[in-house]
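Novice: any chance you could fold what I've pasted below:
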Amino acid sequence: MFSKPPISLLVATVAFGVARAWFRVPCTLPLVQERIDPIVQPGVSPSQHLHTVHGASNFADDATYETLRASRCTSCQVLQHFLTGVPTLYFHDKTKNTYEVVPNGGLLIYYENRGQGDASNGGPGLKAFPAGFRMISGNPMLRSKKPLAERAITWSCLRYSVNKPNYDGAHFYFLAACICIDNLKRFNVHIHMPACWDGKNLDSVDHRSHVAFLSGLDNGACPSTHPVYMMKLFYEITWDVHDFADRWNVNDPNAWPFVFSTGDLTGYSSHGDFLNGWDVTALQNAIDHCNNPNDATGSGDTEACSYLTVQSSSAANNCKISPSVSETTTGVLYTLPGCNPLQFGPGDATIYSDNNCPSH
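Specialist: Okay, the predicted model is just below:
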């Protein structure tokens, strides 16, 4: 199901420019897909909605910095351990009212030197993520556009047509990005993560308040409440929607068939999670010494940085774990995993749990 190569690497390089990314960490095949969320619902199994997870093999509902550091492998090509998670995408067959997982074409993580705090911009330098640090970007309840924090999530579409562009520009919800695009092959979600930290709290109740976005989202200043400049993470997730090309009418907005595991058909609920498992000293050394314009580290070559340990894509792809939640999440389903009815908005969605599901 997840065998296709990550063309997202090529697309992101063209769209954002190699020189703008400090280093790139490809995560081609997911580690696991299951309803576990150690950030928003730690210790809860199952969690509210299904995630597609990349990273350290000690993923669990009670994962910590220490357990991630002890992982036997990682599904990403840099061995220093961390976890990322995004909601899983499904194809909704409206003729049968069934759901099927859309193949995940890979996650590409950009570790970017951004903001006024970066040494190249005259600042004191960026800080590595501290041990135990975690954060999220986006909101699974959203069904409409909101301020800066939600502009951190955009969609783009890929197609392969003669005499037509291969890449469509960014939009805030995926129906606008992909409707009426013939020969649609894949679409990408782009997630900007916060790059400013309050310097005190490793997490917060909403998993957002202890961090903030740069003033220009992709660059700029940190607010005075969050004065510590960190590396800026940028996620690009690719979904292989062409597997379903002959099963829906791309020119009919009412036929839109793709839905997140949150019950969202708009794309506004897309979100990204980050749970730090990096060797903090190694990452700080890499920040301080591996962004050199005079060698390959200045163009984002991860292997050129001696403080990072890089493995082959085949080794990363062999890192898999079995789901700890006993439920069916693949194949042909008649409901989304958990209790996630379709909710269109524009108001925020109601979040249900297994214990208060209206259909139960």
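
Novice: give me the distance between the two termini of stretch 243-261.
Specialist: Across stretch 243-261, the terminal residues are separated by 18 Å (CA to CA, to the nearest Å).

Novice: ditto for stretch 305-325
Specialist: The first residue of stretch 305-325 is 38 Å away from its last residue (CA to CA).

Novice: in it, which residues are buried?
Specialist: Neighbour counts using 16 or more other CB atoms under 10 Å place 305, 307-308, 310, 313, 316-317, 319, 321, 323, 325 of stretch 305-325 among the buried residues. (Glycine included, C-beta is placed from N, CA and C.)

Novice: show me how far that stretch is from its chain's centre.
Specialist: With CA atoms, centre = their mean, to the nearest Å as the basis, stretch 305-325 stands 17 Å off its chain's centre.

Novice: show me where the chain dips below the pLDDT cut-off.
Specialist: In the predicted model, the chain carries pLDDT under 70 at residues 1-21, 146-150, 159-173, 175-177, 179-183, 359-360.

Novice: tell me who's in contact with residue 144.
Specialist: By CB atoms under 8 Å, 6 or more residues apart in numbering, the contact list for residue 144 reads 266, 268, 345-347.

Novice: give me phi/psi at it?
Specialist: Per-residue torsions, residue 144: phi -150, psi 170 (degrees, to the nearest 10).

Novice: that one and residue 342: what is the separation?
Specialist: Noted for residue 144: a distance of 15 Å to residue 342, by CB to CB, to the nearest Å.

Novice: check residue 188 too.
Specialist: 23 Å.

Novice: please, where are all the strands along the stretch 201-350 of the chain?
Specialist: With strands called from DSSP state E, counting those that start in this stretch, the stretch 201-350 of the chain shows them at 211-212, 228-229, 232-239, 258-260, 271-277.

Novice: can you redo the ones you listed as a markdown table with distance to residue 116?
Specialist: Rendered in a markdown table, the data for these read as follows (distance: least, CB to CB, whole Å):
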| stretch | distance to residue 116 |
| --- | --- |
| strand 211-212 | 13 |
| strand 228-229 | 7 |
| strand 232-239 | 12 |
| strand 258-260 | 35 |
| strand 271-277 | 22 |
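
Novice: what's the closest of the ones you listed to residue 299?
Specialist: Nearest of those to residue 299, taken as CB to CB: strand 232-239 at 16.4 Å.

Novice: need the CA coordinates for that closest one. PDB is fine.
Specialist: Only the C-alpha atoms of strand 232-239 are listed here, as PDB (Å, rounded to 0.1, in the frame of the first residue of the first chain):
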ATOM      1  CA  LYS A 232      11.500  25.900  12.200                       C
ATOM      2  CA  LEU A 233       9.900  22.700  11.100                       C
ATOM      3  CA  PHE A 234       8.100  22.500   7.800                       C
ATOM      4  CA  TYR A 235       6.200  19.300   7.000                       C
ATOM      5  CA  GLU A 236       5.200  18.100   3.500                       C
ATOM      6  CA  ILE A 237       2.900  15.100   3.400                       C
ATOM      7  CA  THR A 238       2.000  13.500   0.100                       C
ATOM      8  CA  TRP A 239      -1.200  11.500  -0.500                       C
END
